[in-house]
Every structure is written in structure tokens, then in C-alpha cells.
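S.K.: here's a sequence, model it:
(chains A, B, C and D)
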2 protein chains.
Amino acid sequence: MARKIGSHSKITGPRVRQAALTLFARHGYAAVSMRQIASAVGVQAGALYNYTADKQALLFDLMQTHMEDLLAALDRCPDHGDPQMRLETFARFHIRYHLDCPDLVFIAYMELRNLTAANFAVIEGLRRRYELRLQNILEAGQKAGVFEMPDIKVASMAIIAMLTGITTWYREEGRLSRAQVEEIYLGMVRKAVNA
Amino acid sequence: MARKIGSHSKITGPRVRQAALTLFARHGYAAVSMRQIASAVGVQAGALYNYTADKQALLFDLMQTHMEDLLAALDRCPDHGDPQMRLETFARFHIRYHLDCPDLVFIAYMELRNLTAANFAVIEGLRRRYELRLQNILEAGQKAGVFEMPDIKVASMAIIAMLTGITTWYREEGRLSRAQVEEIYLGMVRKAVNA
DNA sequence: GATTGAAATGAACACGCGTTCAGATACCCT
DNA sequence: AGGGTATCTGAACGCGTGTTCATTTCAATC
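M.R.: Below is the predicted model:
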């Protein structure tokens, strides 16, 4: 036996990434073997190397693509008007995006330590660009006198940590809807930085 | 060669746990081998089994001991007076305790998925007891009319996520002192739930 | 319908894994 | 001083790891 009927790189490629994503998120990068990923795709381990140079590249590609998609989506998001409006837009964007792809979000900050030094630097840089957007909003609000905080960088980290934390407990079939969660967190963020 | 000079379980035991703690925190449970731990202690891998039943027990013991220590310390912490005072005391306690043992904190919520189902249930129960303390404070404040929030459970998760996030960026030699960080976060927590 | 390239197999490689255990050595107690 | 116990070694066990590659089969092109 060799090549399978219906096999195509445009099909298998995404399936490999999807399987890796799900397994990495559930069990952690180090705990998942290439054979497990291959099995989830329905293929032998050797076939994975048509789609990735090695296991590390598989993780890095997932994280890099995620961060770039995130930043691209953020750039498509409106960022004008008064600082309160901009903060609200940012928070809503963050919550929605993170609830849409919890596995990617989970991996992107859980598996940072499993990246090689060079790969880590790349992802870290992308992360900073994201945080910078929030910091700009906070700074504008502080200058306008509508926000008040002792330290902008710390405030941005606190807000992002709070918002990202949603993914650790939110369940689709849970007590609260996405919209409800969004409003609750938005209220807390607003109050936390208000003058 | 066999037993080493100066060897003693009261010495080696803690060193095993310390080495496991440091390595688990740095590289993750699944990525650390028993031989690495043994090497850090300066011993052969087989010797570790004088101090733990297996690798899983090593992780579980670290997490369980940490959570029980945390709860015991919390119980020694004053919890009376008006809700604002109680919230302040809780937040200060949380920040200080978490900055004192970042490795344990890191492990205690990063490695939850590497616990067996039974062990996970134990740790999860201890975590809930901790969250309950904060929820009680928030509830009291809400009834007294000094706090205002749409959902107490969600608010407690948001606050804890925000505070715990400090450990991901705080560095001892960094720009801000512990006391400064404490004040900044305390301010945000207070404002976030105030009526 | 033959030819070419893409896609997957399955076996192999060297190595590391968690764990066990008989044997050797150091410490402690009488 | 000597016997017993606590402590560690070193080798072994079976198995799983990431990765490579010659080979085979399918899909697409001419």
C-alpha cells in the first residue's frame, strides 16, 4: 500500500494542522507524539513530513499564523473616536476572537516555552504589537482625562490577562451567553481604568 | 558504588521536590524526564523512587501541597471588617503569596491537564475553596451596596485571572517594586467592583 | 493510454522514556 | 565493634520517540 485514493495536499495539509492544534491544546505539545497526530489524520507518521519540516515547525506555524491572523483582524477593526469607544471596541474584539478559537489562544501562550529561542522571539514580537494597540488606547484616554491609571503597561497586561482568562472557564453550553459574558467583562474593564 | 556519603532522606527528599518543581515550571511536566530530575539532584534515576511512587505522584504532591499551603495561609489571614477592607486584604495576600512562589503557582494551573482524573478532582476542589473565599467577600460587598457587579462568580474569576497574571511578567529586578505592583493592581480591583 | 510527479506506506534507525531490582555502601543503634 | 537499615548505583526491561527513505500507488498531464 502507498498513496491513498482521494489524497491531496490541499486536504491533508489543513487536516494535519487541525489535528496538531486539537491535540496540542488538549494534551500539550510535549505530550503529543507525531504518531498520535498522524493517527488522528488517518495516516502514517512519515506522511506528516510532507507538510512540516519537523514537530517544532508544526507548533511554530500554528502560533505564528494565529498571531498574524489576530493582528490582521485587529487592523481591520475600527480604532477611532473617543478613547472609551476605542477601548470598548478593543475589548469586544478580544473577547469574541478568543472565544472563536480557544485552542489557538490556549496554545499561543501555553506553549511559548516549547519554542526554540529564535521562534520564541518572533512570537513575542507579535504579542507585543498586540499589546501596544491597547496601550495606545489607554494612553490616549489618560491624556484626555477620561482614564486614570498609575502605569499604562501594567494596566494593559492586567486587562489582557483578565479578558484572556475567559477562555479557561467559558463553555458554550454554560449558564451565560457570549453576549452576557462580553457585557460583564466590558463593564469591569471600563470601571477599572475610568478616571 | 552505592550509597553516597552524607546521604539522608531529609536532605534528598526536599531536593528532589525542588528540582522537579524548577524543571516542571521551566519546561513543563511532559517535557521533563526522571533522569533530568535525578541529574539536577546529583543522583541516579532509580534513587528518585525512594521519594515518589512515580512521576505522576511527584507532580500531584507538588500541586496538592501548594494548594493546601495556600489555603492554610489564607485561613491565617484576617477576614473581617467591611467588604472593601476584606477585598483589599485578599488581593494583597494573593499578590504577595503568588510572587513568593511563582513556580508553584505556574505549575498549579499550567499542569492541570497532566493530572489523572482522580488527582485533577482533588486539586480542582481545593481551587474552588480558594475562589469561594473571594466570592463571599464580593457577595457581602454587593449586599452592603459598596460593590456592584452583574455576576459574582464571573467577577471572582476575572479578578483572580488578573492578579495571577502578574506572575507572567513580573521580574524581581524589573522597573517596579512589589509594593508598587501591589498598589497598582489593588487600585484596579477596587475600581472594577465598586458601586 | 503512457508518463510524470505528488502522496503515502511501512520498515528501520538510534535513542530516550519510566520503572524495577539485585547488589553495594554508608549511616545509626546497641 | 558489629548488625541492621536506609540510601544509592548500575544495569536491565519493554516500549515509544522523532525522523528518514526506498518503494508503491494514485492523480494529473500530454
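S.K.: can I see the domain layout of chain A?
M.R.: Structurally, chain A divides into domains by automatic domain parsing as follows: A:1-52, A:54-193.
S.K.: least confident of those domains, on average?
M.R.: Lowest mean pLDDT within the domains of chain A: domain A:1-52, a mean of 92.
S.K.: if you look at that one, does any of it touch DNA strand C?
M.R.: Yes: under the criterion of Cβ under 7 Å from any atom of the strand, domain A:1-52 makes contact with DNA strand C via A:1-4, A:7-12, A:38, A:42-47, A:50. Where C-beta positions appear, they are placed from N, C-alpha and C, glycine not excepted.
S.K.: quick one: residues contacting residue A:115.
M.R.: A:56, A:59, A:60, A:63, A:123 (Cβ atoms under 8 Å, 6 or more residues apart in numbering or on different chains).
S.K.: so which of those are also by DNA strand C?
M.R.: Among the contacts of residue A:115, not one lies near DNA strand C by Cβ under 7 Å from any atom of the strand.
S.K.: so which bits of chain A are right by chain B?
M.R.: A:26-31, A:110, A:113-114, A:149-151, A:154-155, A:157-162, A:164-165, A:168-169, A:176, A:180-181, A:183-185, A:187-189, A:191-194 (Cβ under 8 Å from any Cβ of the partner chain).
S.K.: buried residues, the longest helix along chain A. List them.
M.R.: With DSSP state H setting the assignment, residue counts place helix A:117-144 as the longest helix in chain A. Under the neighbour-count criterion of 16 or more other Cβ atoms under 10 Å in any protein chain shown, helix A:117-144 has A:119, A:123, A:126-127, A:130, A:133-139, A:141-142 buried.
S.K.: other SSEs contacting it?
M.R.: Counting contacts by 3 or more Cβ pairs under 8 Å, 6 or more residues apart in numbering or on different chains; DSSP states H and E, helix A:117-144 is packed against helix A:55-75, helix A:83-100, helix A:152-164.
S.K.: now it and helix A:83-100, what's the angle there?
M.R.: Between helix A:117-144 and helix A:83-100, the angle formed by their directions is 150 degrees, by axes from the mean of the first three to the mean of the last three Cα atoms, to 10 degrees.
S.K.: touching DNA strand D at all, helix A:117-144?
M.R.: No: Helix A:117-144 is not in contact with DNA strand D by Cβ under 7 Å from any atom of the strand; minimum separation 13.1 Å.
S.K.: and that helix, how far from the chain's centre?
M.R.: 14 Å (Cα atoms, centre = their mean, to the nearest Å).
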